[in-house]
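Engineer: Structure for this input, please:
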Amino acid sequence: MATHVSPDADAIGSLLALGIILRRLNVPRTLLSEDGLPYEADSLPGASEVVAAPPPSFDVAVLVDCPELERIGGAAERLSGVTLVNVDHHPTNSHFGHINLVDTDSLSTTQILHRLVGVLGLDLTADLAACLLAGLVADTQGFRIPASDRRALRTAEALMAAGASLWEANHSIFGSRPRGHVVLWGQVLSGAVMEGELVWSTIPLSVRHASEVPEGEDAGIVNFLLATRGTRAAAVFSERSDGSVDVSLRSQPGIDVAEVAAAFGGGGHRQAAGCTVSGGLAEVSGQVLARLRRAVNESAVRSSVS
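Structural biologist: Now for the predicted structure:
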């Protein structure tokens, strides 16, 4: 089983939850996250089982929270000839699996797995519920995104009834940032560019190294930028040591950043998406910002005629 590079709490929560499910079904498994564990999910039950390299051989690969096959990283090259199972909730999912369990109405991949637990007739134990709730809390930003609905709250209620702590999930994700984030935020926010309804900033490698925040983490900065009054779209461009740039995009309803990310080989949701693009920081940010400005302007035109 594998999840995407630069994993978040939904990616790791889904991976660990599925690991617990397969353990109860006595199915041998390896839990793969090529970029390891993010701070917000490193204390979830079963986190110590996660490895960064695939096993020598395997017959079935279950990919969770991955809209594209390539999003699991280098291990994607090992998937030829194996049965692929695709479990995901992203609207941009390409249905790459031989078996596709894709529900774009779910607010997290863990919400899909919660229903799977019921279909399989398994007990919803506290360790399993904790992994599932972490994913739901993360992808709804603590139930603050516009799509948060009664079904999500009912799922959370069921998970809490099974022993998961909502406070622990929120605290791990939003209240336990590494101290390096303070250094990173200071540098990145001082360089933020406010351009009409668009706000963006960059994370050069030199700044990342000084902060000791691992590659693949934007430290939640893009969500903070979007929360600036009058902002309808935000972007953070993070330089990587392999010559590429991670792009994190956020928007208010009416601006589809998933389409922007998809134009550069990425994916995600209408209001939260990302991609990894080969090239230098200035080159990639220039290309993506041009597309993002167009999305913001088109949204403004639609609003003016409606």
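Engineer: burial count for residue 95?
Structural biologist: Other residues near residue 95 number 9, with proximity taken as other Cβ atoms under 10 Å. C-beta coordinates here come from the backbone N, C-alpha and C atoms, glycine included.
Engineer: Can you classify it as helix, strand or coil?
Structural biologist: Following DSSP: H, G, I helix; E, B strand; the rest coil, residue 95 is assigned to coil.
Engineer: got the contact list for it?
Structural biologist: Contacts of residue 95 were listed using Cβ atoms under 8 Å, 6 or more residues apart in numbering, and they are 86, 102.
Engineer: do the same with residue 188
Structural biologist: Here residue 188 is in contact with 201, 202, 203, 207, 219, 221, 236 (criterion: Cβ under 8 Å, 6+ apart).
Engineer: Please apply the same query to residue 94.
Structural biologist: Shown in contact with residue 94 (Cβ under 8 Å, 6+ apart): 67, 68, 69.
Engineer: Return the member of these nearest to residue 54.
Structural biologist: residue 69 (13.7 Å; Cβ to Cβ).
Engineer: Tell me how many other residues surround the closest one.
Structural biologist: 16.
Engineer: Got the confidence number for it?
Structural biologist: At residue 69, the model reports a pLDDT of 90.
Engineer: Find the nearest non-adjacent residue to it, please.
Structural biologist: Closest residue to residue 69 in three dimensions, ignoring its sequence neighbours and counting by Cβ to Cβ, 6 or more residues apart in numbering: residue 96, at 4.6 Å.
Engineer: Need phi/psi at the one you found.
Structural biologist: Dihedral angles of residue 96 (phi, psi; degrees, to the nearest 10) stand at phi -80, psi -10.
Engineer: ditto for the one 5 residues further on
Structural biologist: According to degrees, to the nearest 10, the main-chain angles of residue 101 amount to phi -110, psi 80.
Engineer: Residue 269: neighbour count?
Structural biologist: The number of residues packed around residue 269, counting by other Cβ under 10 Å, is 24.
Engineer: Next up, the contacts around it.
Structural biologist: Counting by Cβ under 8 Å, 6+ apart, residue 269 touches 90, 91, 258.
Engineer: So among these, where is pLDDT lowest?
Structural biologist: The lowest pLDDT within the contacts of residue 269 belongs to residue 91, with 88.
Engineer: so how far is residue 162 from residue 118?
Structural biologist: Using Cβ to Cβ, to the nearest Å, residue 118 is found at 12 Å from residue 162.
Engineer: Check residue 29 too.
Structural biologist: When distance is defined by Cβ to Cβ, residue 29 is 22 Å away from residue 162.
Engineer: ok, residues contacting the host helix or strand of residue 304?
Structural biologist: Secondary structure from DSSP states H and E places residue 304 in helix 281-305. The contact list for helix 281-305, computed with Cβ under 8 Å, 6+ apart, reads 195-198, 200, 202, 204, 232-233, 235, 237, 239, 244-245, 247, 249, 251, 254-257, 259-260, 263-264, 275, 277-279.
Engineer: buried ones in it?
Structural biologist: Residues of helix 281-305 classed as buried under the neighbour-count rule (16 or more other Cβ atoms under 10 Å) are 281, 284, 285, 287, 288, 289, 292, 293, 295, 296, 299.
Engineer: Can you give the distance of it from its chain's centre?
Structural biologist: In this view, helix 281-305 has its centroid 22 Å away from the chain centroid, taken as Cα atoms, centre = their mean, to the nearest Å.
Engineer: coming back round to it: in JSON lines, list the contacts of residue 188 along with pLDDT.
Structural biologist: Below are these laid out as JSON lines (pLDDT from 0 to 100):
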{"residue": "201", "pLDDT": "97"}
{"residue": "202", "pLDDT": "96"}
{"residue": "203", "pLDDT": "95"}
{"residue": "207", "pLDDT": "92"}
{"residue": "219", "pLDDT": "83"}
{"residue": "221", "pLDDT": "93"}
{"residue": "236", "pLDDT": "97"}
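Engineer: Looking at these, which is nearest residue 33?
Structural biologist: residue 219 (18.4 Å).
Engineer: Okay, and the closest residue to the closest one other than its chain neighbours sits in which element?
Structural biologist: Using Cβ to Cβ, 6+ apart and skipping residues adjacent in sequence, the residue nearest residue 219 is residue 181, 4.4 Å away. Following DSSP H and E, one finds residue 181 within helix 180-190.
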